[in-house]
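>>> Quick one, structure for this:
(one chain, ligands or ions: 1)
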Amino acid sequence: MQRQSSSFTIRHANSRDVGHVSDILTESFYRSSDRKVNFLQRCFTDWFYPLLRYGIMLDLSSRVSEKAPCYACLIATHPANKSQAIASLEICMRYVPIKPHHKFWLGHEMQQHPYIFNLAVHPQWRRRGVAKQLLQAAEKTVQQWGFSRLHMHVLEDNQPARNLYERMGYRLYSQEGSLTYWLMGSPRRFLLQKKLEEN
Ligand SMILES: CC(C)(COP(=O)(O)OP(=O)(O)OC[C@H]1O[C@@H](n2cnc3c(N)ncnc32)[C@H](O)[C@@H]1OP(=O)(O)O)[C@@H](O)C(=O)NCCC(=O)NCCS
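Just a heads-up that it's a prediction; the model follows:
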């Protein structure tokens, strides 16, 4: 698969992309300036950065090389350097509750659905529509797999991501971590869902 839209190309990642994608993930989830981190957290991250990156790289490398059914790692590249990923996301199958949170009395039965994780855009390439294009490509991919719903988690305090998902039509499906939110003020985790329309 190769989709060219605007100036970015979206394609499936291969083993040569794992290093760049690991850099983006480590930078985005552990060192991004968007996140509110204190001095100690920043020192800890800087100190352990190579280790964090190495762990991410090992995990990603095994997922990419395993080629499991209904798994995909999509990356975006810019024409100036088609071999260097500037953003990525992964899709896998994951158990999610059959009923949304407001119908909790109907039980907590789970079912496997396509699930997006590790969406990250390199800080230098943000606010140019890259994440939007990656999500559109992910939606096409799961439709090709024969599914019509897509899920993902987002943290309550991740406003950029929440804005993006809201704009792309993802809606709150269920929420987790309410107890730690009330006891310690840690952000809740929202499970979002989008029902994909047939083309
Ligand atoms: C969240 C993230 C993926 C967005 O990537 P992006 O390529 O900058 O997003 P896009 O340019 O496609 O933005 C599309 C829309 O999302 C919303 N949005 C994106 N970033 C935003 C920000 N920083 N503040 C407010 N809204 C934002 C806007 O509505 C935007 O449309 P607009 O630019 O026309 O206003 C990126 O900021 C990122 O990698 N963050 C760190 C990792 C992360 O939090 N991943 C999500 C985990 S759930």
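>>> hang on, F190 in a strand?
Yes - counting by DSSP: H, G, I helix; E, B strand; the rest coil, F190 is part of a strand.
>>> So in terms of bridging, what pairs with it?
V154, Q175 (DSSP bridges).
>>> Please renumber the chain so that the first residue is 5 from this point on.
With the count now opening at 5, the last piece we talked about shows up as F194.
>>> Kindly report the residues of this protein close to the ligand.
Neighbours of the ligand within the chain, by C-beta under 6 Å from any ligand atom: 32, 36, 38, 123-125, 130-136, 158, 162, 164-165, 167-168, 171. Every C-beta, even on glycine, is put in place using the N, C-alpha and C of the backbone.
>>> The same query, at a cut-off of 5 Å, please.
Residues of the chain lying close to the ligand (C-beta under 5 Å from any ligand atom) are 32, 123-125, 130-131, 133-136, 158, 162, 164-165, 167-168, 171.
>>> which ones among these are found in strands?
L123, A124, V125, V158 (DSSP state E).
>>> Most widely separated two among the residues you listed?
Checked with C-beta to C-beta, these reach their widest spread between V125 and V158, with 14.7 Å between them.
>>> in the top strand by length along the chain, what counts as buried?
Counting residues, the longest strand in the chain under DSSP E turns out to be strand 85-101. Neighbour counts using 16 or more other C-beta atoms under 10 Å place A89, I90, A91, S92, L93, E94, I95, C96, M97, R98, V100, P101 of strand 85-101 among the buried residues.
>>> Identify the residues contacting the third one.
When you say that, I think you mean A91. By C-beta atoms under 8 Å, 6 or more residues apart in numbering, A91 lies in contact with I28, I79, A80, L123, A124, V125, H126, W129, V134, A135, L138.
>>> related to what we said a few turns ago, so can I have CSV of the ones in strands among the residues of the chain next to the ligand showing neighbour count?
Shown next, in CSV, are those (neighbours: other C-beta atoms under 10 Å):
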residue, neighbour count
L123, 22
A124, 23
V125, 23
V158, 22
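>>> could you dump these to a markdown table with pLDDT?
Shown next, in a markdown table, are these (pLDDT from 0 to 100):
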| residue | pLDDT |
| --- | --- |
| L123 | 98 |
| A124 | 98 |
| V125 | 98 |
| V158 | 97 |
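>>> Quick check: of these, which lies closest to Q179?
Checking those against Q179 by C-beta to C-beta gives V158 as the nearest, at 10.4 Å.
>>> wait, that closest one sits on A165?
Yes - V158 is within contact range of A165, at 5.0 Å (criterion: C-beta atoms under 8 Å).
>>> who touches the closest residue to I102 other than its chain neighbours in this structure?
Once flanking residues are discounted, I102 sits nearest to E113: 4.7 Å by C-beta to C-beta, 6 or more residues apart in numbering. Taking C-beta under 8 Å, 6+ apart, we find E113 in contact with P101, I102, K103.
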